[in-house]
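Undergrad: Coordinates for the following, if possible.
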Amino acid sequence: MEHYDVRFLPDGRTERIHAGATLFEAAGQADIILVSPCGGRGTCKKCRVRLEPSGQEVLACQYRIHESVTVTIPAASRLYHHQILEDGADKEIQISPMWRKVFISTRCDSLDQVCDILSKQYIPIVSRPAFDYCATDYGKGLTAVLHYNLPLKGWDIVAAEPGDTAGRLYGAAADIGTTTVVLRLAELKTGKILATASAANPQHQWGDDVISRIEFASTYEGQVVLQKAIIDCLGQLLRQAAAIANVDLRYVYECTAVGNTTMNHLLLKWPVSQLGQSPYLPHRVEACTVSAAEAGLTIHPAGVVFTPQNIAGFVGSDTLAAAVASDLDTEHQTTLLVDIGTNGELVLCHQDRLYTASCAAGPALEGARILHGSRAMAGAIQRVVVNSDDIDIDVIGGGRPHSICGSGLIDALAVLVELGVIDSTGRFLGREDLEGGRLSAKLRDRLIEHEGQPAFVFAAESGKPVVILTQGDIRQLQLAKAAIRAGIRMLEKTAGITEDQIEKVLLAGAFGNYIQKSSAVTIGLLPAVPLERIHFVGNAASLGAMEILLDRGVRAGCETLARRMEYVELATRAEFQDIYADCLMFEKR
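TA: Down below sits the predicted model:
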């Protein structure tokens, strides 16, 4: 099968993809999320892009790639991209951050005088935390640094800076995942996202799942090690983002951080042992503001780290942030939000009630514990498709394949199910079982033995297998997909609905927008709803964290939203194990 290059402007990204794929798919692989309320049916007309150099407008979900092409994506077709700046964006954010800076040009001999001047500008100062005002010369005027006091509905004056620094006001939003950490640096006055940086969560060396890290942090020494690791990671990402945006970290005043409850507790150095024991109670669920200096993060001396509310022991502030980004607080359709990661977080909205649960999916769907699995990186297989008598693959970067990442694994599993290479239990069929069937000779030749177990070759070089999926890999993927699917079915059962009543599925997560909807349904990861009901919402937790950073109204509303979310503890439900066992199976759809 032919492959072509698709160049996206103004991003400057180029993605290599197989012939017949849509521009919408290519954009997703390039980490560009397009608006698609209709689910890719071409009826909403919101994913318009321009072919260059002709300027012809086409719908990205309908245009199939048959040659290399350059396309320009207008702001109105992007989901969330610079959403607070562009009038045509899918969603607007009210810019009302927790921080404000006011330049005062007149000489002020005391803090009282500063407060008097601010009050004359109708800026209510409700408290004055202690800092040494007289220690600095403000002969050329000063800039008052203000932080909003939500309970008192007014401003605290937390610092004064010599000269006019009112134009330098920045904040960061971080999504601390079990596997990956994503941080965005923003200008607080305008909401403009200046830079994004990401890295693997360095805590993985002490365990690639939350239970392992809880065990390691059961001692004070282990707790200190894990807290320092994540703070050092955030500091590194802040420095990277600041360098890209040419921002001085002295003018970064807040880092809003979301994550699952364990990641949240480790960040704040709270005890976590109780999270590993029934009834899995968090140390606390309330929102928390701590001094950045106390946490160990080097930003402005008066800066803070803010963490929104947790929901329960295994549903954290990242799920709350994803619900914020997805507008579940105002959703009236029966909607399922699925955030796929090492811990799969679920929210089901039905008749104005919100049910939530967490599934211990493990890291297999993100490439861990898979023989040739990896994160999404150059050389990783990200897409697997069937052509006339064989399979074809898309590789990140277009070079030689050396591994397979999460989206490729879901495709690969779907292909094996569809071709009948594995049966309903996930067991590989032997060559003799496949003789005389619809499987071509080329596909049968991909079946091999690897260290005493059957395997399927997805990439080879000079006749030698390079990327394979073994029987052991299939079992790991089965466990992960069954955990998520069983969690979904338990929420359906709790809400008293069947899967055909779900009107909308929102697919989130670090690689959620890379997954082929059809593959996710084929393997039973998602409910068997019509594909047009499934929508990609990108890294919703990261986007929600940015909303919480930029809009104090949203931040204030998080407390009410958190109280509305009804936690369903899966492990204590008697029927869960039976449902889980059923979800291990594969059914041809």
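
Undergrad: rest of the way, CA atoms for contacts and neighbours
TA: Fine.

Undergrad: And the chain, split by domain according to the record?
TA: Domain ranges of the chain: 3-77, 99-162, 170-307, 335-361+487-583, per automatic domain parsing.

Undergrad: mind checking the end-to-end distance for the first one?
TA: Between the opening and closing residues of domain 3-77 we find a distance of 25 Å, counting by C-alpha to C-alpha, to the nearest Å.

Undergrad: And for Ala173, nearest residue in space, chain neighbours not counted?
TA: Thr256 (4.7 Å; C-alpha to C-alpha, 6 or more residues apart in numbering).

Undergrad: residue contacts, that neighbour?
TA: Each residue near Thr256 by C-alpha atoms under 8 Å, 6 or more residues apart in numbering is listed here: 171-174, 305-308, 545-546, 548-549.

Undergrad: What is the nearest of those to Val457?
TA: Ala174 (38.0 Å; C-alpha to C-alpha).

Undergrad: What count of nearby residues applies to Glu569?
TA: Using other C-alpha atoms under 10 Å, Glu569 has 20 neighbouring residues.

Undergrad: Give me the distance between the nearest residue to it once chain neighbours are set aside and Ala540.
TA: With C-alpha to C-alpha, 6+ apart as the criterion, Glu569 has its nearest non-adjacent residue at 6.6 Å, and that residue is Ala357. To Ala540, Ala357 is 17 Å away according to C-alpha to C-alpha.

Undergrad: So the two - more neighbours on which side?
TA: Set Ala357 next to Ala540 and count neighbours by other C-alpha under 10 Å: Ala540 wins out with 29 against 25.

Undergrad: and the more buried one, what are its phi and psi?
TA: When quoted as degrees, to the nearest 10, the phi and psi of Ala540 stand at phi -60, psi -30.

Undergrad: For the residue lying closest to it once chain neighbours are set aside, list the residues it contacts.
TA: Residue nearest to Ala540 in three dimensions, not counting chain neighbours: Ala322, with 4.5 Å by C-alpha to C-alpha, 6+ apart. Contacts for Ala322 (C-alpha under 8 Å, 6+ apart) come out as 539-544.

Undergrad: please redo it, this time with the cut-off set to 10 Å
TA: Ala322 sits next to 258, 328, 337-339, 345-347, 508-509, 537-545 when contact means C-alpha atoms under 10 Å, 6 or more residues apart in numbering.

Undergrad: Show only the entries of those residues found in helices.
TA: Among the contacts of Ala322, the residues falling in helices (DSSP state H) are 540-545.

Undergrad: As TSV, the contacts of Thr256 with pLDDT and secondary structure would be great.
TA: Converted to TSV, the contacts of Thr256 look like this (pLDDT from 0 to 100; DSSP: H, G, I helix; E, B strand; the rest coil):
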residue	pLDDT	secondary structure
Gly171	97	strand
Ala172	97	strand
Ala173	97	strand
Ala174	96	strand
Val305	97	strand
Phe306	97	strand
Thr307	97	strand
Pro308	97	coil
Ala545	95	helix
Met546	95	helix
Ile548	97	helix
Leu549	97	helix
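
Undergrad: and which of those residues is nearest Asp445?
TA: Among the contacts of Thr256, Ala174 lies closest to Asp445 (C-alpha to C-alpha), at 46.2 Å.

Undergrad: I figured the closest one hits Met263, correct?
TA: No. Counting by C-alpha atoms under 10 Å, Ala174 does not reach Met263; the two are 11.8 Å apart.

Undergrad: how distant is stretch 12-29 from the center of its chain?
TA: Chain-centre distance of stretch 12-29: 21 Å, with C-alpha atoms, centre = their mean, to the nearest Å.

Undergrad: how far out from the middle of the chain is the worst-scoring helix or strand of the chain on mean pLDDT?
TA: Ranking every helix and strand in the chain by mean pLDDT, DSSP states H and E puts helix 431-434 at the bottom, with a mean of 73. Taking the mean of its C-alpha atoms, helix 431-434 sits 41 Å from the chain's own mean (C-alpha atoms, centre = their mean).

Undergrad: which helices and strands sit right next to the strand or helix carrying the residue nearest to Glu569?
TA: Per DSSP states H and E: Ala357 is located in strand 353-359. Secondary structure elements in contact with strand 353-359, counted by 3 or more C-alpha pairs under 10 Å, 6 or more residues apart in numbering; DSSP states H and E, are helix 317-325, strand 335-339, strand 344-350, helix 471-495, helix 552-564, strand 565-567.

Undergrad: Any regions of the protein where pLDDT drops low?
TA: By pLDDT under 70, the low-scoring segments of the chain are 37-39, 79-92, 135, 435-437, 510-513, 588-589.

Undergrad: For Ala562, see how far away Tyr355 is.
TA: Tyr355 is 11 Å from Ala562, where distance means C-alpha to C-alpha.

Undergrad: more neighbours, the two?
TA: Of the pair Tyr355 and Ala562, Ala562 is the one with more neighbours under other C-alpha under 10 Å, namely 24 against 20.

Undergrad: Which residue is the nearest non-sequential neighbour of the more buried one?
TA: Nearest residue to Ala562, sequence neighbours excluded (C-alpha to C-alpha, 6+ apart): Ile311, at 6.2 Å.

Undergrad: looking at it, the one you found is touching Glu569, isn't it?
TA: No. Ile311 lies out of contact with Glu569 (C-alpha under 10 Å); the separation is 11.6 Å.

Undergrad: Dump stretch 100-116 to PDB, restricted to CA.
TA: Taking Å, rounded to 0.1, in the frame of the first residue of the first chain, the C-alpha atoms of stretch 100-116 are listed here in PDB:
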ATOM      1  CA  ARG A 100      -3.400  40.300  38.700                       C
ATOM      2  CA  LYS A 101      -0.600  42.900  38.400                       C
ATOM      3  CA  VAL A 102      -1.200  46.700  38.700                       C
ATOM      4  CA  PHE A 103       1.500  49.300  38.000                       C
ATOM      5  CA  ILE A 104       1.600  52.300  40.300                       C
ATOM      6  CA  SER A 105       3.700  55.200  39.000                       C
ATOM      7  CA  THR A 106       3.400  57.400  42.000                       C
ATOM      8  CA  ARG A 107       5.800  57.100  44.900                       C
ATOM      9  CA  CYS A 108       4.500  55.000  47.800                       C
ATOM     10  CA  ASP A 109       6.200  55.100  51.200                       C
ATOM     11  CA  SER A 110       4.100  52.300  52.700                       C
ATOM     12  CA  LEU A 111       2.000  49.300  51.900                       C
ATOM     13  CA  ASP A 112      -1.000  51.200  53.300                       C
ATOM     14  CA  GLN A 113      -0.500  53.900  50.600                       C
ATOM     15  CA  VAL A 114      -0.400  51.200  47.900                       C
ATOM     16  CA  CYS A 115      -3.600  49.700  49.200                       C
ATOM     17  CA  ASP A 116      -5.300  53.100  49.200                       C
END
